[in-house]
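>>> build me a model:
(2 chains)
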Amino acid sequence: MTPRTLPGRTLRNTWSSVFETGWGAHAYPYLMVLPAVVVVIGVVVYPLASGIITAFYDVTLRTLNSGSAEFVGLRNFERVLADPAFVQASVNTVIWVVLNVVVQLALGLALALLLHRAMPGIGFFRSGILVPWVVPSVVAVLTWRWMYDPSVGIANELLVRLGLIDNYHPWLGDTSTALYAVTVESIWKGTPFVMLLLLAALQLVPRSILEAASMDGASGWRKLWYVILPQIRVSFAIAAVLTFILTVNNFNAIWLMTEGGPLNSSEILFTLAYKYGFKRFDLGMASAVATMLFVGLVIATTVYLKLIQAREGD
Amino acid sequence: MSKNGTWKTSAAGIALAVGMGMSPAMADNVVLWVNSPLASAPDAPIYEELQAFEAETGHAVEVQPVAHMEMERNLFVALSGGAGPDVMALDIAWVAGLADAGLLADLTEKSEPLAAQFQKGPFASGRFEQKQYALPLYTNNVALFVNDKMLAEAGIEKAPTNWDEFRQAAIAMTDEEKGTYGLTFGGGRMGAFQLYSYIWQNGGDIIDTEGNVRVGEAGAVGAVDFLGKLYTEDKAMPEAVLTAGSWDEVNAPFIQERAGMLVSGDWAISALKNGNPDLDWSVHPLPAGKEAATVIGGYDLAINANSSVPDASWQLVEWLTGPRGVELMRKYNRLSAAAGATAPEAIASLPEEMRPFMEQADAGRARPVVAQWSQIHNEIIANAWDSVLRGTPAQEAMAEADKQIKALVGQQ
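Below is the predicted model:
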């Protein structure tokens, strides 16, 4: 190794000088990211791999404690697929995700456009609209539970006074309305986040483009469709993917409001996996559901992002 | 290290070893998980009791309160991971599942000489497959809470004592215009817990002592049909029965004077007193069907199979479930599981609202002690009850439950 020199004198080697040349210099960047890689492997890769592997073993508390969990191939998946609750949870998951994503994006965009204006007190409205997002999930869910109460809930009182229903209705107790009642809470809670993302994107749209569109005689809808949406498409795509993932994983809303009931009518795959894992303590079945959910999420997200990229290419 | 230093270190080590060898029994640290109401404040009676235990034995006890709703899951997860407490208070319905998973220490030999000091039902709740895994800390059962004012306004002079009177009272207190109902009840697993007493009262069973599944038989079906029709036909229960998944939600209509009767245990007493101090209510033994029966609840104490301090843990279990435990539970207004607690003089010394529970203690029945009980209760019977509330005939719902339970316990 060549000693480091300054004009007129030689510098003494330090321990860090081994990273300045040769293999040391080559390894240096890898060593810098090593702690982060170790953490990611520990908290993401290992649990993920462990979960997928568990799906192929008969892991219950009894086998876990005795250390006798056997490899059972696809039997956990067969048992899950044979459970009528899984079929219902899968259908519910699709309804739950589609409703949440579509309505949250539509409402979030509408609110963002509404609040992207210069008017007196706009700061107050922008802050106020974020309240549902800021409220802790548990507080929000329990508040909505009482609002839906079939005897004294304010939701029923409001709907009766508006003439939309004749009698109080057990929204969370009726198998035909429970999932939709929880969806309303989830949309209320999630929309401000979408609004925030899209509002930030709207504020980056150059005014000159909008003014040019106006001068060309573009109407409000045409400006939205041909000018604004293309300008914010990246943020819109990110909002869509995040809403999709957050909705699939939105365990709190369903668990705290209905626990997937009544009669599995509001069960989604996430709550079903939880029940298998922490009610039945059948970790093999829980992992099988979680693995299917993971694969589904990866495929859906990848396809969506590819479509966005393809449109970018066009 | 210098030669001099080495000698000093060796001498200190020898002195420590000799000292330890000559000292009396080592003091151990015991970790105790209790359901949170027992350790709700720093001055809760259990802390004083544990100080007495520590002074007597020299052991130290670390109390960790856990909410009832979280306790079962936390115990399963912690114990199966090789961690968790040394001693745990656990709902009597969880003993079988934890014992079946090999997570509880076998106390059969140690507890045999103590059997006579407990009531039979609560003592049996700690037994699974001929082995004793837990000793009863306290017991409870369900009785009938009646709003005396609503009952009198309905023109009924005394609380119901049989099913006919029970139904008549429920109908009489129901008034659609005033928005009042005869009975508040739970949906799902809450309702399932309340159902069991009625199934036994009707001569039915869930899983009998030979392990036969019997929920599809006439006794069980008749009881579910009777209670279901109080909602579907007589409209004597509020709509809240469809969603009431906690005791707070079951109690609410009674506290708000919208329901005249409540089937619950002694844990409801403080909720009623705090919720509506002006409420005019009384407690009565559960109205009897073909026979008297009430479901036993309560908490047991058990020891972690992997505890590093099994002897100190046993000492703690023996202390808390022994004679001092009777007085401890009295401070909490809980019913002791000691055999002497059912003696007339012991019952007479209880607060008035507690007496009916102990008076009917002999009719107490334990839920089946099978490893799959949590799933049977939380999913299968809870779903059957939910189905009946939504119009499915009881015969059909219970036949389906019967099929599912048999498949689960391997009888098909």
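
>>> ok, the residue in the stretch 101-250 of chain B that chain A sits nearest to - contacts?
When scored by C-beta to the nearest C-beta, the stretch 101-250 of chain B has B:L242 as its residue closest to chain A, at 2.8 Å. (C-beta placed from N, C-alpha, C; glycine too.) Neighbour list for B:L242: A:150, A:170, A:172-174, A:262, B:187, B:386, B:389-390 [criterion: C-beta atoms under 8 Å, 6 or more residues apart in numbering or on different chains].

>>> mind redoing it with 6 Å?
The neighbourhood of B:L242, defined by C-beta atoms under 6 Å, 6 or more residues apart in numbering or on different chains, consists of A:170, A:173, B:187.

>>> same check, this time on B:Y196
B:V295 are the contacts of B:Y196 under C-beta under 6 Å, 6+ apart.

>>> chain B against chain A: which residues are in contact?
Within reach of chain A by C-beta under 6 Å from any C-beta of the partner chain, chain B has these residues: B:73, B:76, B:80, B:101-102, B:238-240, B:242-243, B:375, B:383, B:386.

>>> who wins for neighbours among these?
Counting by other C-beta atoms under 10 Å in any protein chain shown, B:P238 has the largest number of neighbours within those, with 28 neighbours.

>>> all strands of the stretch 1-150 of chain B, in order?
B:29-35, B:60-66, B:87-91, B:127-128, B:131-132, B:134-141, B:143-147 (DSSP state E, counting those that start in this stretch).

>>> check these for me and report the most buried one.
Of all the strands of the stretch 1-150 of chain B, strand B:134-141 has the most neighbours on average by mean count of other C-beta atoms under 10 Å in any protein chain shown, namely a mean of 27.

>>> how many degrees apart are that strand and strand B:87-91 in direction?
30 degrees (axes from the mean of the first three to the mean of the last three C-alpha atoms, to 10 degrees).

>>> in the lengthiest strand in chain B, what counts as buried?
Determined from DSSP state E, the single longest strand within chain B is strand B:294-303. Buried residues in strand B:294-303, counting neighbours by 16 or more other C-beta atoms under 10 Å in any protein chain shown, are found at B:294-303.

>>> farthest pair within those?
B:T294 and B:I303 (29.0 Å; C-beta to C-beta).

>>> could I get the buried residues of strand B:294-303 in a markdown table, plus columns for pLDDT?
A markdown table is the format used below for these (pLDDT from 0 to 100):
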| residue | pLDDT |
| --- | --- |
| B:T294 | 95 |
| B:V295 | 95 |
| B:I296 | 92 |
| B:G297 | 91 |
| B:G298 | 92 |
| B:Y299 | 93 |
| B:D300 | 95 |
| B:L301 | 96 |
| B:A302 | 97 |
| B:I303 | 97 |
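
>>> for B:Q411, state which of those residues is nearest.
Distances from B:Q411 to the buried residues of strand B:294-303, taken by C-beta to C-beta, are shortest for B:V295, at 23.0 Å.

>>> tell me the pLDDT of the closest residue to B:L151 other than its chain neighbours.
Nearest residue to B:L151 in three dimensions, chain neighbours excluded: B:G260, at 6.1 Å (C-beta to C-beta, 6 or more residues apart in numbering or on different chains). Note on B:G260: pLDDT of 97.

>>> can you confirm B:G260 is in a strand?
Yes: the assignment for B:G260 by DSSP: H, G, I helix; E, B strand; the rest coil puts it in a strand.

>>> now for B:G410: which residues touch it?
Counted by C-beta under 6 Å, 6+ apart, B:G410 has zero contacts.

>>> distance of it from chain A?
Remark: distance between B:G410 and chain A (C-beta to the nearest C-beta, to the nearest Å) = 14 Å.

>>> next one: B:Y332
27 Å.

>>> burial of that residue, as a residue count?
B:Y332, neighbours per other C-beta under 10 Å, totals 16.

>>> repeat for B:E400
17.

>>> for chain A, see how far away it is.
11 Å.

>>> go ahead and name everything in contact with the strand or helix carrying that residue.
Using DSSP states H and E, B:E400 maps to helix B:394-409. For helix B:394-409, contacts defined as C-beta under 6 Å, 6+ apart pick out B:213, B:215-216, B:220-221, B:224-225, B:228, B:372, B:376, B:380-381, B:384, B:387-388, B:412.

>>> which regions of the stretch 1-150 of chain A lie under the pLDDT threshold?
A:1-11 (pLDDT under 70).

>>> would you map the strands across it?
A:5-6, A:9-10.

>>> could you dump the following helix or strand past the longest strand of chain B to CSV, C-alpha only?
Once strand B:294-303 ends, the next helix or strand along the chain (criterion: DSSP H and E) is helix B:310-321. What follows is helix B:310-321, C-alpha atoms only, in CSV (Å, rounded to 0.1, in the frame of the first residue of the first chain):
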residue,chain,number,x,y,z
PRO,B,310,-41.8,-24.9,39.9
ASP,B,311,-41.6,-25.2,43.7
ALA,B,312,-42.0,-21.5,44.4
SER,B,313,-44.8,-21.4,41.8
TRP,B,314,-46.7,-24.2,43.5
GLN,B,315,-46.2,-22.4,46.9
LEU,B,316,-47.9,-19.4,45.3
VAL,B,317,-50.8,-21.4,43.8
GLU,B,318,-51.3,-23.1,47.2
TRP,B,319,-51.3,-19.8,49.0
LEU,B,320,-53.7,-18.0,46.7
THR,B,321,-56.2,-20.9,46.5
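
>>> where does residue 291 land in three-state SS?
Since no chain was named, I'll use chain A. A:T291 - assigned by three-state DSSP - is helix.

>>> hmm, no, I was thinking of chain B.
coil.

>>> how's chain B carved up into domains?
B:26-140+B:297-362, B:143-295+B:368-409 (automatic domain parsing).

>>> get me the contact residues on the stretch 51-200 of chain A for chain B.
So the stretch 51-200 of chain A meets chain B at A:61-62, A:64-65, A:150-151, A:170, A:172-173 (C-beta under 6 Å from any C-beta).

>>> just those now: which is nearest chain B?
For those, the nearest to chain B is A:G173 (2.8 Å; C-beta to the nearest C-beta).

>>> check which helix or strand covers residue 222.
All of this refers to chain A. Using DSSP H and E, A:R222 maps to helix A:220-223.

>>> could you do chain B instead?
Here B:G222 is assigned to helix B:218-232, by DSSP H and E.

>>> between that helix and helix B:394-409, how many degrees?
Using the same axes, to 10 degrees: helix B:218-232 against helix B:394-409 is 130 degrees.

>>> number of residues surrounding B:F123?
24.

>>> and the pLDDT for it?
For B:F123, the model assigns a pLDDT of 92.

>>> again with A:W221
85.

>>> now do the one 5 residues further on
Model confidence at A:Y226, given as pLDDT, is 88.

>>> name the SS class of it, please.
Taking three-state DSSP, the label given to A:Y226 is helix.

>>> and for it, nearest residue in space, chain neighbours not counted?
Here the residue nearest A:Y226, using C-beta to C-beta, 6+ apart, is A:A218, at 7.0 Å.

>>> and that neighbour, how far is that from chain B?
Counting by C-beta to the nearest C-beta - A:A218 and chain B are separated by 51 Å.
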